[in-house]
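Student: with the input below, show me the fold.
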Amino acid sequence: MITARNLTKHFHDKKRGLIPAVEDVSFTCQPGRIYGLLGANGAGKTTTLRMLATLIQPTSGTATVAGHDVVADPVKVRAHVGFLAASTALYGRLTAREMIAYFGQLHDMDDAAIAARIRFLADELDMHEFLDRRCDKFSTGMKQKTSIARTLIHDPAVMIFDEPTLGLDVMTARAIVRFVRQCRDRGRTVIYSTHVMSEVEKLCDVIGIIHAGRLVAEGTLPQLQERYAETDMEEIFVKAVGGEAALAAALETKEGRV
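Tutor: Sure thing, here's the model as predicted:
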């Protein structure tokens, strides 16, 4: 399970001074559930996920992942988490199989366990055709599937996906969404960050809307539809963040956020 309580992150910039990226964000994500973190670019989604994955420390607030505190026990948190970051690159000279196996070794897995896990992930993500090709020859979809496989090689209980379908073609995006749903069905705890409304509607059990670094709304899709008297997720989102003007203002200043 993931529990975040008043997570806050401020950055310091020499020219702009204090930059508030995330402010007092609290939520809980349960096993066998997908928590959708929905927000525009620069809303604070990635910063929140990076704190949960122990890549950066919060300025204040607390979070526990699989029972371990992200500040006090970061190594134990990492052992239980698979974090797919939007900007993580692959080693071009390695094949997909070598890339995935390398990360298995980093998690102290033995060769037999790595091989079995690679077979499973290749089946689930339809990777067999390019599994033994070098990563520098891959399409965007192949790279993303390889990134997901290396992220999940150690079969973590908690899975964090940051915009996993960004820039993908329709069929590859559908395959990844289907895989994420299967992770949920196997009892994993999943956080899914996106700004794609249709993915939220189809995939997420609970939706948290983040805007200007704050969690401004949370609930199941039916709960949000009732609260905002709208059936369309896009209309719900616009109302939750304070209307078109508030959204436009936030987007204009997003370079000051992470």
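Student: would you map the helices across this protein?
Tutor: 45-52, 74-80, 96-106, 111-125, 140-151, 170-185, 197-203, 221-228, 233-240, 244-252 (DSSP state H).
Student: buried residues, the third one. List them.
Tutor: Residues of helix 96-106 classed as buried by neighbour count (16 or more other CB atoms under 10 Å): Ala96, Arg97, Met99, Ile100, Ala101, Phe103, Gly104. Placement of C-beta: from N, CA and C, glycine included.
Student: in contact with the second one, which residues?
Tutor: Residues near Arg97 by CB atoms under 8 Å, 6 or more residues apart in numbering: Ile118, Leu131, Asp132.
Student: quick one: buried ones out of those residues?
Tutor: Those of the contacts of Arg97 that meet the buried threshold are Ile118, Leu131, by 16+ other CB under 10 Å.
Student: so where's the stretch 1-150 of the chain shaky on pLDDT?
Tutor: Along the stretch 1-150 of the chain, segments meeting pLDDT under 70 span 88.
Student: please redo it, this time with the cut-off set to 80
Tutor: Applying pLDDT under 80 to the stretch 1-150 of the chain flags residues 86-88.
Student: my read is that Arg184 contacts Gly36, right?
Tutor: No - using CB atoms under 8 Å, Arg184 makes no contact with Gly36, being 11.2 Å away.
Student: the more surrounded of these two?
Tutor: For Arg184 versus Gly36, neighbours defined as other CB atoms under 10 Å are more numerous around Gly36 (23 against 19).
Student: is the more buried one in a bridge, and if so with what?
Tutor: Beta-bridge partners for Gly36, by DSSP bridges, are Tyr192, Ile207.
Student: now do it against Pro164, distance only.
Tutor: As for Gly36, its distance to Pro164 is 12 Å (criterion: CB to CB, to the nearest Å).
Student: Tyr192 too?
Tutor: Tyr192 is 8 Å from Pro164, by CB to CB.
Student: okay, the two: which has more neighbours?
Tutor: The neighbour comparison of Tyr192 against Pro164 (other CB under 10 Å) goes to Tyr192, with 29 against 24.
Student: who are the contact partners of the more buried one?
Tutor: Ile34, Tyr35, Gly36, Leu37, Phe161, Pro164, Val180, Glu199, Leu203, Cys204.
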